[in-house]
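In: Any chance you could fold what I've pasted below:
(chains A and B)
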There are 2 protein chains.
Amino acid sequence: MSGPATYADWIAVDWGTTHLRAWAIGKDGSLRATASSDAGMGKLSRDGFEPALLDLVKDWLGSGPTPILACGMVGAKQGWQEAPYASVPAKPVELTPMRVTAASDHRLEVFIVPGLSQATPPNVMRGEETQIAGFLALEPDFDGVLCLPGTHTKWVHLSAGEVVSFQTAMTGELFDLLSRHSVLRHTVGSDTLDPEAFAEAVSDTLSRPERLAQGLFSIRADATLNGTGASVSRARLSGALIGAELAATRPYWLGQQVVVAGAPALADLYARALAGQGVSARALDAGPLTLAGLARIRTSQTEPSLT
Amino acid sequence: MSGPATYADWIAVDWGTTHLRAWAIGKDGSLRATASSDAGMGKLSRDGFEPALLDLVKDWLGSGPTPILACGMVGAKQGWQEAPYASVPAKPVELTPMRVTAASDHRLEVFIVPGLSQATPPNVMRGEETQIAGFLALEPDFDGVLCLPGTHTKWVHLSAGEVVSFQTAMTGELFDLLSRHSVLRHTVGSDTLDPEAFAEAVSDTLSRPERLAQGLFSIRADATLNGTGASVSRARLSGALIGAELAATRPYWLGQQVVVAGAPALADLYARALAGQGVSARALDAGPLTLAGLARIRTSQTEPSLT
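Out: This is a model prediction of the structure:
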């Protein structure tokens, strides 16, 4: 948590379904303090957002209003206050945050970054637009595809600073549900992934994606009949799901410049899966991207007032 | 539960992961009583099986031993006592039940029907072999494919009374996990399935099975952006998963005689999905098949002693 008298020039907030993170930023742009809690959008009623935020950042506030820039599910319909989506094509670094009028404490001057929507095929994101802004802060001229693996993996086509289009695959959520709650849970309990079994499962599923439905149960049957180990079984489940995702997103990576930004182990897994298809993707730690994106979006907002 | 003095000639038992059902059968083959509990294999330790069974059937026992024929997960490695799989090709009605030596009460003469296994591609079933025996008791000359939709849907190629080969799709379990535990739970809470949306989703997924991974999230995105109703969303999820299953099992239904035996609403759904592909499948209520199968398997065992 913060030390005493950490007056923040502004506060950056990443507020997702399951977590709340805040960063106190000083006048010189330096990081003064960080704090986090599990007060995610998923467990808060409409009235719970302000107290949850105050609880985390109250020591950073002065007597006057402090600007707070938040991103993520806090701006969803079920969040604190809905921040309507911006439609693609859109420039993430130039998104206009929405003022939260529901905050009653005059020290909280809260703004929420809107998510992005796509009409056809229908798609939405909230939170990733800020990671993308953070990536573009680092690489403003990037032209290609950014893959953000996670619970709902996003594949984002970027050009001239714009999100041109994007896709979503529920791979992370499917892996979590299948590995923890389905019959496969008896079979895939391992901390490691056999690399050969992973590569083979990716490649098999990519070449015959229509077999996914029966391939999943085969993982269990093979373990039951042949005593296949958990590291191989887990690699097969992961490889089958990532292979199915690559089959669904082929136009996004075939012949494209690809960067995978995620938790390091996961980003590496995607990069390896793509390498098996002859695509040399660059893996990047997504950890710093949200804060970088919030800072970049804030700069876009405040820059005009300096001119 | 049973009335007093329901001495059973033998007792049929369907013992799955989540349920235990028993039928008392009289000397003339008539059904004298039924009982059930939630003492499924999943919640029992090795020592718990005998008390759970006694609890249900004790009123049906005489002073001497009563034959009890059980099927399902009770014979799994994690069950009461493992009944090793019989390999396909195999005749379900001629499977030899394994004597449970672990029963200590002398009134319990318990036998378990073995499951079936397939070496390549690896696959297993426990419980469905008895439903198949029940189906073959009704239609001994059936030559074609029997589909048993459920948590783990089985597609079974039958010829000359034998299971020639089979496949498994985890469609029911995936639907359950996705509709109750994933982000889609906000979107698919409906008691009805829009028939047109279902047919369209089956057909779309069958023609482009590689798109499944992104199609699932689109259901959510479309509801969020366009207010699509739950009946349509639920039909899309169901149709996408059944479409993926049909893509994986195409050799099992294309140009084959197909019977779908399941809970009536589910069997009808599969029959409709197949009808959309020009396959006129017959839907059958699977309710009576397990008891019919146990009775048929028992007859096969006792017949030789009559000659």
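In: OK, contacts around the residue nearest to the spatial centre of chain A?
Out: Residue closest to the average C-alpha location in chain A (Cα atoms, centre = their mean): residue A:128, at 4.8 Å. By Cβ atoms under 8 Å, 6 or more residues apart in numbering or on different chains, the contact set of residue A:128 is A:116, A:148, A:154, A:156. For glycine as for every other residue, the C-beta is placed from the backbone atoms N, C-alpha and C.
In: For the stretch 201-307 of chain A, which residues are neighbours of chain B?
Out: Proximity of the stretch 201-307 of chain A to chain B, by Cβ under 8 Å from any Cβ of the partner chain, involves residues A:209-218, A:220-222, A:224-226, A:241, A:244-245, A:247-250.
In: 6 Å - rerun?
Out: With Cβ under 6 Å from any Cβ of the partner chain as the criterion, the stretch 201-307 of chain A meets chain B at residues A:209-211, A:213-214, A:216-218, A:221-222, A:224-225, A:244-245, A:247-248.
In: tell me the two of these that are most distant?
Out: Within these, A:225 and A:248 form the most distant pair, 30.4 Å apart (Cβ to Cβ).
In: re the thing from before, just the ones of the residues of the stretch 201-307 of chain A next to chain B in helices?
Out: If you go by DSSP state H, these have A:213-214, A:216-218, A:221-222, A:224-225, A:244-245, A:247-248 in helices.
In: By neighbour count, which of the residues you listed wins?
Out: Counting neighbours by other Cβ atoms under 10 Å in any protein chain shown, residue A:245 comes out on top of those with 31 neighbours.
In: So it sits against residue B:213, correct?
Out: Yes - if you go by Cβ atoms under 6 Å, residue A:245 and residue B:213 touch, sitting 4.6 Å apart.
In: Quick check: neighbours shared by those two?
Out: Contact criterion Cβ atoms under 6 Å, 6 or more residues apart in numbering or on different chains; residues shared by residue A:245 and residue B:213: residue A:169.
In: Where in chain A is the helix or strand with the lowest mean pLDDT?
Out: Using mean pLDDT, DSSP states H and E, helix A:289-306 stands out as the lowest-scoring helix or strand of chain A, at a mean of 85.
In: list the helices and strands that one packs on?
Out: strand A:10-15, helix A:128-138 (3 or more Cβ pairs under 6 Å, 6 or more residues apart in numbering or on different chains; DSSP states H and E).
In: Please repeat the previous calculation with a cut-off of 10 Å.
Out: strand A:10-15, strand A:20-25, strand A:31-37, strand A:66-71, strand A:108-112, helix A:128-138 (3 or more Cβ pairs under 10 Å, 6 or more residues apart in numbering or on different chains; DSSP states H and E).
In: I'd like these laid out as JSON lines, including mean pLDDT and distance to residue A:59.
Out: Below are the helices and strands packed on helix A:289-306 laid out as JSON lines (pLDDT from 0 to 100; distance: least, Cβ to Cβ, whole Å):
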{"stretch": "strand A:10-15", "mean pLDDT": "98", "distance to residue A:59": "11"}
{"stretch": "strand A:20-25", "mean pLDDT": "97", "distance to residue A:59": "9"}
{"stretch": "strand A:31-37", "mean pLDDT": "96", "distance to residue A:59": "8"}
{"stretch": "strand A:66-71", "mean pLDDT": "97", "distance to residue A:59": "11"}
{"stretch": "strand A:108-112", "mean pLDDT": "97", "distance to residue A:59": "14"}
{"stretch": "helix A:128-138", "mean pLDDT": "98", "distance to residue A:59": "24"}
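In: List the contacts of the residue lying farthest from the centre of chain A.
Out: In terms of distance from the mean C-alpha position of chain A, residue A:225 ranks first, at 38.5 Å (Cα atoms, centre = their mean). Residue A:225 makes contacts with B:85, B:87, B:117, B:118, B:119, B:122, B:123, B:124, as judged by Cβ atoms under 10 Å, 6 or more residues apart in numbering or on different chains.
In: Repeat the analysis, applying 7 Å as the threshold.
Out: Residue A:225 makes contact with B:117, B:122, B:124, according to Cβ atoms under 7 Å, 6 or more residues apart in numbering or on different chains.
In: on that earlier part again, relative to residue A:195, how far out is the residue nearest to the centre of chain A?
Out: 28 Å (Cβ to Cβ, to the nearest Å).
In: Near residue A:212, how many other residues are there?
Out: Neighbour number of residue A:212 under other Cβ under 10 Å is 25.
In: Please name the residues that touch it.
Out: By Cβ under 7 Å, 6+ apart, the residues touching residue A:212 are A:205, A:240, A:244, B:212, B:244, B:248.
In: Could you find the closest non-adjacent residue to the first one?
Out: So that's residue A:205. Using Cβ to Cβ, 6 or more residues apart in numbering or on different chains and skipping the chain neighbours, the partner closest in space to residue A:205 is residue A:243 (2.9 Å).
In: Tell me how far the one you found lies from residue A:152.
Out: 18 Å.
In: Convert the helix or strand hosting residue A:236 to PDB, retaining C-alpha atoms only.
Out: Assigning secondary structure by DSSP states H and E places residue A:236 in helix A:230-248. What follows is helix A:230-248, C-alpha atoms only, in PDB (Å, rounded to 0.1, in the frame of the first residue of the first chain):
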ATOM      1  CA  ALA A 230      -0.900 -35.700 -17.000                       C
ATOM      2  CA  SER A 231       1.800 -33.600 -18.600                       C
ATOM      3  CA  VAL A 232       1.000 -35.100 -22.000                       C
ATOM      4  CA  SER A 233      -2.700 -35.000 -21.400                       C
ATOM      5  CA  ARG A 234      -2.600 -31.300 -20.300                       C
ATOM      6  CA  ALA A 235      -0.500 -30.500 -23.300                       C
ATOM      7  CA  ARG A 236      -3.000 -32.200 -25.600                       C
ATOM      8  CA  LEU A 237      -5.900 -30.200 -24.100                       C
ATOM      9  CA  SER A 238      -4.000 -26.900 -24.400                       C
ATOM     10  CA  GLY A 239      -2.800 -27.700 -27.900                       C
ATOM     11  CA  ALA A 240      -6.200 -28.800 -29.100                       C
ATOM     12  CA  LEU A 241      -7.800 -25.600 -27.900                       C
ATOM     13  CA  ILE A 242      -5.100 -23.300 -29.100                       C
ATOM     14  CA  GLY A 243      -5.100 -25.200 -32.400                       C
ATOM     15  CA  ALA A 244      -8.800 -24.600 -32.700                       C
ATOM     16  CA  GLU A 245      -8.200 -21.000 -32.000                       C
ATOM     17  CA  LEU A 246      -5.500 -20.700 -34.700                       C
ATOM     18  CA  ALA A 247      -7.900 -22.400 -37.100                       C
ATOM     19  CA  ALA A 248     -10.500 -19.800 -36.300                       C
END
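In: wait, doesn't residue A:102 sit right on residue A:82?
Out: No - the criterion here is Cβ atoms under 7 Å, and residue A:102 misses it with residue A:82 at 10.5 Å.
In: State the number of residues packed around residue A:278.
Out: Counted with other Cβ under 10 Å, the neighbours of residue A:278 add up to 8.
In: One more: the one 5 residues further on?
Out: The number of residues packed around residue A:283, counting by other Cβ under 10 Å, is 22.
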